[in-house]
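Student: got a predicted structure here, sequence first:
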Amino acid sequence: MKIILPSLAILAFCVAGAAQAQTNVVKTYGNIQFRANNPLSNFFSPENKTAMFRIPASGNVSSIFASGLWTYGEVQFENYKVAAERYDLEYGQGTGNSCTETFKEIVSLTAQEIEYHRLNYNQPNYQPIQAIVNWPVNNDQNCATIPVVQFHDVDGDRKYNPMAGDYPYIKGDYALMYAKNDRYSDQKSTTNGRPTDLQIGVMVYGYSSLPNTLFVNYSLLNTGGATLKNVKLGLWADIDLGNPADDYIGTFSELNSVYGYNGDANDEVSGGVAPGYGEVPPAQGIVLLNNQLIGSVLVPSTEFIPEGYANLLNGKGVTGTPLSKFAFNGDPFLGSGNTEVKSMNTPGDRQILAVASPGNGVIQPFETACFEIAYVWSRAGSGDQHSSVQNLKADIQTVQAFYDSQEQYCSGVVPSSVAEQQTLEHITIAPNPVTDVLNVSMGQSQLTGVSVFNTMGQEIFHSEKASFSVAQLPAGIYFLKVTTSKGQAINSFIKQ
């Protein structure tokens, strides 16, 4: 059995001395059977410390033990903020405010189920399935801070109402959706770092036409009231291609990808416990689909200091020593460049981190950074482990081309008004910062109401006028939800 960090047994179910709910589902998308966890990292089971990222789905061999999101940002006059999923709790379940109950469960849907609802919602005695009813869309006017969850608004009232024909927006032929947050320091068992104040909407999805590929869309909403600068987003993976003790890792920087492959041509059974893939073992890739790969790092499999997570996300070793920009960026099939084979490394348990910096590395308050990745599995029909690496390069390019051909609502950093409603006109507020009267301008649409929220998502003030006094508010950061005849938008302002 694979040995993981010793704190897991104690910390995986405890935060600040209190139990936190765990949610998980096991799904089969195409040729992949996998386990999704909220709020833990995906694919592994904390109960029995086993992996479930099985390809083929009918087999019992996994290529990834666990994989999760790492985030980093800097705030003026403060220290850095960091979060990193490995095997312990690091994020909280749901949105971390009064909307949490809406978003903490994992909701699964297929395109076929959505299409059936779309065609039959107005039929007599029709009842939608619970997944469509419970699609985590925010209809609560008291909740300002929400992750990006989209739906098709058939009746045009800007509220999610399935019985009026509204239906969820998903990517792929099948998808699941949940939310997590990094808002409270007492839930951080891995880094013990300062929270980034990010709310994270997660959509895991797949296509029948790409049965060996699993996609994940992360929508990261900055709810902290302060600008995050030098932002780094990382996708960490504990690559275990069957036997976890004989693997290598590498980077295809030109393809914005990292990968793992077997250290020899036969992936044997590990200690009579972990099954192997046998001869011509596969390669497992991870592709950054909508962000440029700016660095990749071999992550130590042992436990290390909290500052190490920030260092790794910034291209340094755990203790801050400089590293090469990309870990093993050669080609093991061609035998060119820097590879683990040429370095004569001993194969073993491998973990890797792929790092991106969305947009210009800045996420303003109530902006959403989109981070979309794909897990691509590939196996050659003959040859050796390096033949599978060569196959993987071709498959990664196929997946990227397919992704680029699809309609996308995720590219770099998306302004909050676009993230919440794609069709809203621009809303402006002035002056900002403000000491007394705040003025709202919304173009030609008619104002319905204005609500002011604090950074915890609590509504503290409401007005139906475009100009109103905020003199009574304490100094600080606030969010303004503007509702008009054309929909809603959210902006932030500073009260001096």
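Tutor: Sure, I can see it.

Student: please, where are all the helices along the stretch 351-496 of the chain?
Tutor: 385-405, 416-420 (DSSP state H, counting those that start in this stretch).

Student: ah, wrong one, I meant the stretch 51-200 of the chain
Tutor: Under the criterion DSSP H, counting those that start in this stretch, the stretch 51-200 of the chain contains helices at 100-103, 111-120, 130-133.

Student: could you say what helices and strands the second one packs with?
Tutor: The elements that helix 111-120 packs onto, with contact taken as 3 or more Cβ pairs under 8 Å, 6 or more residues apart in numbering; DSSP states H and E, are helix 130-133, strand 167-168. The way it works is simple: take the backbone N, C-alpha and C, and place the C-beta from them, glycine included.

Student: which residues sit against the first one?
Tutor: What it means is helix 130-133. 107-109, 113-114, 117, 162, 167-168 (Cβ atoms under 8 Å, 6 or more residues apart in numbering).

Student: quick one: distance of it to the chain centre.
Tutor: 22 Å (Cα atoms, centre = their mean, to the nearest Å).

Student: just stretch 333-343 next, same as before
Tutor: Centroid separation for stretch 333-343 versus its chain: 31 Å, with Cα atoms, centre = their mean.

Student: buried sites along it?
Tutor: 333, 338-341 (16 or more other Cβ atoms under 10 Å).

Student: regarding that stretch, how distant is the last residue from the first?
Tutor: 15 Å (Cα to Cα, to the nearest Å).

Student: could you pull up the mean pLDDT of that stretch?
Tutor: For stretch 333-343, the mean pLDDT works out to 94.

Student: for stretch 471-482, same thing?
Tutor: Rounded mean pLDDT across stretch 471-482 is 83.

Student: identify the residues contacting that stretch?
Tutor: So stretch 471-482 is contacted by 144-145, 225-226, 365-366, 427, 429, 435-438, 440, 442, 447, 450-455, 460-461, 470, 488-496 (Cβ under 8 Å, 6+ apart).

Student: any stretches of the stretch 101-250 of the chain with poor pLDDT?
Tutor: Within the stretch 101-250 of the chain, the segments meeting pLDDT under 70 span 101-102, 138-149.

Student: again, only this time at 80
Tutor: 101-104, 136-150, 153, 155-159, 185-187, 225 (pLDDT under 80).

Student: how close does residue 287 sit to residue 47?
Tutor: Residue 287 sits 30 Å away from residue 47, going by Cβ to Cβ, to the nearest Å.

Student: sorry, that was for residue 322
Tutor: For residue 322 relative to residue 47 (Cβ to Cβ), the value is 40 Å.

Student: neighbours of residue 276, just the number please.
Tutor: Using other Cβ atoms under 10 Å, residue 276 has 18 neighbouring residues.

Student: surely it meets residue 269?
Tutor: Yes. At 5.0 Å, residue 276 counts as touching residue 269 under the criterion of Cβ atoms under 8 Å.

Student: and for the two, which residues touch both?
Tutor: Common neighbours of residue 276 and residue 269 (criterion: Cβ under 8 Å, 6+ apart): residue 243.

Student: what about the spatially most central residue of the chain, helix or strand, and which?
Tutor: In the chain, the residue lying closest to the centroid (Cα atoms, centre = their mean) is residue 218, at 3.0 Å. Here residue 218 sits within strand 213-222, counting by DSSP states H and E.

Student: direction-wise, compare the next helix or strand after that strand with strand 213-222 and give the angle.
Tutor: Remark: after strand 213-222, the chain's next helix or strand is strand 229-239, criterion DSSP H and E. Between the axes of strand 229-239 and strand 213-222, defined by axes from the mean of the first three to the mean of the last three Cα atoms, to 10 degrees, the angle is 150 degrees.

Student: buried residues in strand 229-239?
Tutor: Buried residues in strand 229-239 (16+ other Cβ under 10 Å): 231-239.

Student: run through the neighbouring helices and strands of that strand.
Tutor: strand 64-74, strand 257-262, strand 283-288, helix 307-313, strand 350-356, strand 368-378.

Student: partners of it in the sheet?
Tutor: strand 64-74 (antiparallel), strand 350-356 (antiparallel) (DSSP bridges).

Student: could I get the ones you listed in TSV, plus columns for mean pLDDT?
Tutor: Formatted as TSV, the strands paired with strand 229-239 follow (pLDDT from 0 to 100):
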stretch	mean pLDDT
strand 64-74	97
strand 350-356	98
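
Student: any chance of the ones you listed in CSV, with mean neighbour count too?
Tutor: Formatted as CSV, the strands paired with strand 229-239 follow (neighbours: other Cβ atoms under 10 Å):
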stretch, mean neighbour count
strand 64-74, 26
strand 350-356, 24
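
Student: make JSON lines from those and add distance to residue 52 to it.
Tutor: Converted to JSON lines, the strands paired with strand 229-239 look like this (distance: least, Cβ to Cβ, whole Å):
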{"stretch": "strand 64-74", "distance to residue 52": "9"}
{"stretch": "strand 350-356", "distance to residue 52": "18"}
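
Student: how about those strands, which one is nearest residue 256?
Tutor: Closest to residue 256 of the strands paired with strand 229-239, according to Cβ to Cβ: strand 350-356, at 8.0 Å.

Student: pull the residues that contact that closest one.
Tutor: With Cβ under 8 Å, 6+ apart as the contact definition, strand 350-356 has outside contacts at 70, 232-239, 247-249, 257-258, 260, 286, 288, 291-301, 312-313, 315, 327, 371, 373.

Student: try it again at 7 Å.
Tutor: Strand 350-356 is contacted by residues 70, 232-239, 247-249, 258, 260, 286, 288, 291-299, 301, 312-313, 327, 371 when judged by Cβ atoms under 7 Å, 6 or more residues apart in numbering.

Student: any idea how far the closest residue to the residue nearest to the centre of the chain other than its chain neighbours is from residue 24?
Tutor: Spatial nearest neighbour of residue 218, chain neighbours left out: residue 371 (4.3 Å); criterion: Cβ to Cβ, 6 or more residues apart in numbering. Separation of residue 371 from residue 24 (Cβ to Cβ): 22 Å.

Student: of those two, who's got more company?
Tutor: Using other Cβ under 10 Å, the more surrounded residue of residue 371 and residue 24 is residue 371, with 23 against 16.

Student: look up how far residue 94 lies from that one.
Tutor: Going from residue 371 to residue 94 by Cβ to Cβ gives 19 Å.
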